[in-house]
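# Structure for the following, please:
(one chain, ligands or ions: 1)
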Amino acid sequence: MSQNIQISTRKRSRANMNNSTTTGLSGNTSANKTFLDNFEDTRTNKLLDEMFARQNSFLTDNLRNSLDLNQSDNPLRPRQHQLFLDNENAIELDDEPRIINTTINNNNNNNNSSSSRVDEDADDDIIFIKEQPIQFSSPLILPSSSSNNTGATTAVSNNTYITTPKKFKKQRTISLPQLPLSKLSYQSNYISVPDQSNAIVPRVTQTENELLHLTGSCAKTLEGNKAVNLTVAHSTSPFYNPPAQVAPPPLPPPPPQSNNLKRQIGSSLRKFKSNGSAESTSSNKSNFKTDKDGHYVYQENDVFGSGGRFIVKDLLGQGTFGKVLKCIDNKCEPNFVAVKVIRAVDRYREAAKTELRILQTILNNDPQGQFQCLLLRECFDYKNHICLVTDLYGRSIYDFMCSNGIARFPGSHIQAIARQLIRSVCFLHDLGIIHTDLKPENILICDETHISRALPAKTVQSLSKRRREASKGKRKILKNPEIKIIDFGSAIFHYEYHPPVISTRHYRAPEIVLGLGWSFPCDIWSIACVLVELIIGESLYPIHENLEHMAMMQRINGTPFPTDIVDKMFYKSKHKLGNSPSDLTSTVIKHFDRKTLSLQWPEKNKRGDTVTTEKSMKRVLQSCDRLDIYISKVLKQDYGDSLSINWNLPPEKNWSLINSKLLWKKQVHSSSSSATDDLDKETFLFWYWFIDLLKKMFEFDPTKRITAKDALDHEWFNLGILDDGIATYNNTQG
Ligand SMILES: Nc1ncnc2c1ncn2[C@@H]1O[C@H](COP(=O)(O)OP(=O)(O)OP(=O)(O)O)[C@@H](O)[C@H]1O
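Coordinates of the predicted model:
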């Protein structure tokens, strides 16, 4: 990746941007244009000007409100008289609001460790201030929100849920580019409570110019100044099928689509509830067969559904709950859909009803599919099989990785996928939904279009036979890493019965393994596992049993389990609190010392001999490492040996150590032709903050683990990277 980067000395200034007269952003950029040039076009400037104006007015209003709110008798008084920034910095409020136009020194070749110092004189970068709506605390709030003209949301209901402190987030323009998907914003000014509210509250959608400044500019160019066209992400469902009109169009004109569809699904649900087998009038020609386990027997060109509406074309997937089929829908355009045919077994039919309720809640709250969740288009009952009709997407991330010569994703794609996943889960959590089974298999790629690059023969030889054949010796890079989350079959509302064990083993959070009880934070742990998988190209926890899993968790976190949660585990088990996994004592509790509360690994028998197998020891001690060290090892393949990230060091300190190594290497190699590491501070910071976010997501104690909402505000999402993912984004040349 990094070999493709050339360093240019151009420096971006605001003045440059405003004087630019180049042509449209979305058009083809000429071969010798830089990122900077792309950014300097008239349309961009116009939109940026508008954005400045809007932000200025936002800021003015918000600051005014903020000051009002600071009156001591105001119940909505914010905590501090400050603008809150992401991390360490907080800007004191002036009386007069203003756009803060200041500089962050981002000179890549700057060896001075104080290079992130704010410098008033230079004009290299701008800090944007943007209003961040405050998330309400409880997902169970009735819809009585209103927006005032400052954009600040207030609501009064049984529970007052928004205190609207004027929280601002630092959003500076980035020196390295980001994919627009990495900047999708999240607005939580909606509410819908299942079974209590039928209202669909319109959600604020993101406009093009809100995303525009986030597409990035860069002081560098890709090799050969390859054109990079970062268009705006819309993130709506790409294959939106309007719901079919089952009956002839009624008069007067039908209500809006989403209401229409909701009613359709609602009535299907009622039917399931009433008799459990409300079979549609099916076509006599159907060959549709069910085996003894209640599974539909797949046959190409089978016809099913009312009036022979669906023609089966392919088997997309098979799970415990049934089969997912690619079908032609004779009543919709474009007419390919995915139909999940649930097993004709009462247990699975019941489970499907829970899935339906979850899907319906998602649909009610996101009818446009902006939040990366699978949208239910229709559902019906056919020969005792509940059928869920959804949009058709591409392969799962897991399948894509398996068929790729290099399974790892570029950093820009990891960031874009992370943003979408966390945002989507934030949306689900606000609705009170816990997914519980987030894993690469349940994340689908919207559009599989990609470019392929032949790998060097040496790399191809090192691949496993299966991967070599599947990849044909090529590395694939997606043009657009937009994703959708699927499989809500195990998802539950937070107030419902929680089974003791959830999640696929590799993505299972420690509180589930320790039988402590679980809630929203378990999804965050699973996402962290997925993100690490995207960068290392394989599962972080390739384990099958509890002891090795726990030993590996400690190894990866670099710390033992906190004693208070181990203590809690003993207490819960002693007092039989909650419903614990049936094997908790034999596979978990017995491995902890009751006095020291520490995990006894490697395992020893009564005589003191180690009984943990050599293979297991190797898996824990050799194959993995503390996460920052482990990821650094992988990154070294792209950036050279100097990239050692240490999450215990502050970023500046960490960078100055790396930088001295880089300088030393340069001196040593100055007379020879051998290559030195290709690493700059911004690239380092991108990975440093990525690892920092992971650390917070891998917090052992679920009550201290970062929430989805806070994760969206993490510093990493302000940083960009120049890599193959950026170069490939929407690249039509292939
Ligand atoms: N809308 C879709 N578009 C394309 N493929 C899909 C779609 N929905 C599901 N699939 C494919 O079908 C597979 C199984 O789907 P899903 O996970 O919903 O079923 P499941 O029975 O719950 O599976 P499991 O038991 O593994 O959890 C997915 O991994 C995916 O490959």
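
# List, one by one, the residues from the chain near the ligand.
For the chain, the residues in contact with the ligand (C-beta under 6 Å from any ligand atom) are 316-317, 319-322, 324, 338, 340, 374, 390-393, 396, 441-442, 444, 486-487, 489. Where you see a C-beta, it was placed from the backbone N, CA and C, and this is true even at glycine.

# The same query, at a cut-off of 5 Å, please.
316-317, 319-321, 324, 338, 390, 392-393, 396, 441, 486-487, 489 (C-beta under 5 Å from any ligand atom).

# which among those end up buried?
Listed as buried from these are 316-317, 321, 324, 338, 390, 392-393, 396, 441, 486-487, 489; burial here means 16 or more other C-beta atoms under 10 Å.

# Mind checking which of those residues land in strands?
316-317, 324, 338, 390 (DSSP state E).

# which parts of stretch 535-549 are buried?
535-536, 539-541, 543, 546-549.

# before we move on, back to that, can I get the buried ones among the residues of the chain next to the ligand in CSV including distance to Y186 and pLDDT?
Formatted as CSV, those follow (distance: C-beta to C-beta, whole Å; pLDDT from 0 to 100):
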residue, distance to Y186, pLDDT
L316, 30, 95
G317, 29, 93
F321, 30, 89
V324, 29, 96
A338, 27, 96
T390, 23, 94
L392, 26, 94
Y393, 22, 95
S396, 24, 96
E441, 25, 96
I486, 20, 96
D487, 22, 94
G489, 25, 92
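
# The ligand: which of the residues you listed is nearest?
Among these, G317 lies closest to the ligand (C-beta to the nearest ligand atom), at 2.2 Å.

# is the closest one in a bridge, and if so with what?
V324 (DSSP bridges).

# that older thread, now flag whichever of the buried residues of stretch 535-549 is closest to the ligand.
Looking across these and measuring by C-beta to the nearest ligand atom, the closest to the ligand is S539, at 15.7 Å.

# To which secondary structure element is the closest one assigned?
Using DSSP states H and E, S539 falls within no helix or strand.

# Give me the neighbour count for the residue nearest to it when sequence neighbours are not counted.
Nearest-residue entry for S539: H506, 4.9 Å, with adjacent residues in sequence omitted and distances by C-beta to C-beta, 6 or more residues apart in numbering. By the criterion of other C-beta atoms under 10 Å, H506 has 18 neighbours.

# so H506 makes contact with E538?
No. Using C-beta atoms under 8 Å, H506 makes no contact with E538, being 10.2 Å away.

# where does the protein have its least confident helix or strand?
Least confident helix or strand of the chain, by mean pLDDT, DSSP states H and E, is strand 82-84 with a mean of 26.

# And the residue in the stretch 551-700 of the chain that the ligand sits nearest to, how close does it get to W601?
Closest approach between the stretch 551-700 of the chain and the ligand, counting by C-beta to the nearest ligand atom: P581, at 19.4 Å. Per C-beta to C-beta, to the nearest Å, P581 is found 19 Å from W601.

# And I397, by the same measure?
Where W601 is concerned, I397 sits at a distance of 31 Å (C-beta to C-beta).

# where in the stretch 351-500 of the chain is pLDDT low?
Residue ranges of the stretch 351-500 of the chain with pLDDT under 70: none are present.

# The stretch 201-350 of the chain now?
Those would be 201-286, 334, if you go by pLDDT under 70 across the stretch 201-350 of the chain.

# again, only using 80
By pLDDT under 80, the low-scoring segments of the stretch 201-350 of the chain are 201-286, 332-334.

# Ok, the stretch 601-734 of the chain next?
Counting by pLDDT under 80, the stretch 601-734 of the chain contains low-confidence ranges at 669-678, 730-734.

# at 90 what do you get?
606, 622-624, 661, 664-679, 727-734 (pLDDT under 90).

# What segments of it are helices?
614-621, 627-639, 651-669, 681-697, 708-712, 724-728 (DSSP state H, counting those that start in this stretch).

# I'd like these laid out as CSV, including mean neighbour count.
Output for these, formatted as CSV (neighbours: other C-beta atoms under 10 Å):
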stretch, mean neighbour count
helix 614-621, 14
helix 627-639, 18
helix 651-669, 16
helix 681-697, 22
helix 708-712, 20
helix 724-728, 23
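
# Those helices: which one's closest to G405?
Closest approach to G405 among these (C-beta to C-beta): helix 724-728, 13.1 Å.

# name the helices or strands packed onto that closest one?
helix 411-430, strand 474-478 (3 or more C-beta pairs under 8 Å, 6 or more residues apart in numbering; DSSP states H and E).

# Can you name the next helix or strand after the first one?
Scanning forward in sequence from helix 411-430 by DSSP H and E, the next helix or strand is strand 433-434.

# Pairing partners for that next one, with directions?
Sheet pairing of strand 433-434 (DSSP bridges) gives strand 492-493 (antiparallel).

# So which residues make contact with the partner strand?
Identification of contacts with strand 492-493 by C-beta atoms under 8 Å, 6 or more residues apart in numbering yields 194, 354, 358, 432-434, 436, 498.

# which of those lies closest to S573?
Nearest to S573 among the contacts of strand 492-493: H498, at 16.9 Å, using C-beta to C-beta.

# follow-up on the earlier one: who has more neighbours out of P581 and W601?
Between P581 and W601, counting by other C-beta under 10 Å, W601 is the more crowded of the two (21 against 17).

# In contact with that one: list those residues for me.
For W601, the contact set (C-beta under 8 Å, 6+ apart) comprises 547, 550-551, 554, 591, 612, 620.

# Give the buried subset of those residues as a PyMOL selection command.
In PyMOL, a selection of the buried entries from the contacts of W601 looks like this (16+ other C-beta under 10 Å):
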select buried, resi 547+550+551+554+591+620
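
# tell me the phi and psi of K340?
phi -90, psi 110 (degrees, to the nearest 10).

# Was I right to think Y186 contacts S424?
No. Under the criterion of C-beta under 8 Å, Y186 lies out of contact with S424, with a separation of 9.4 Å.

# quick one on the thing from earlier: Serialize the helices and strands packed on helix 724-728 to JSON lines and add fields for mean neighbour count and distance to E699.
Below are these laid out as JSON lines (neighbours: other C-beta atoms under 10 Å; distance: least, C-beta to C-beta, whole Å):
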{"stretch": "helix 411-430", "mean neighbour count": "26", "distance to E699": "15"}
{"stretch": "strand 474-478", "mean neighbour count": "20", "distance to E699": "30"}
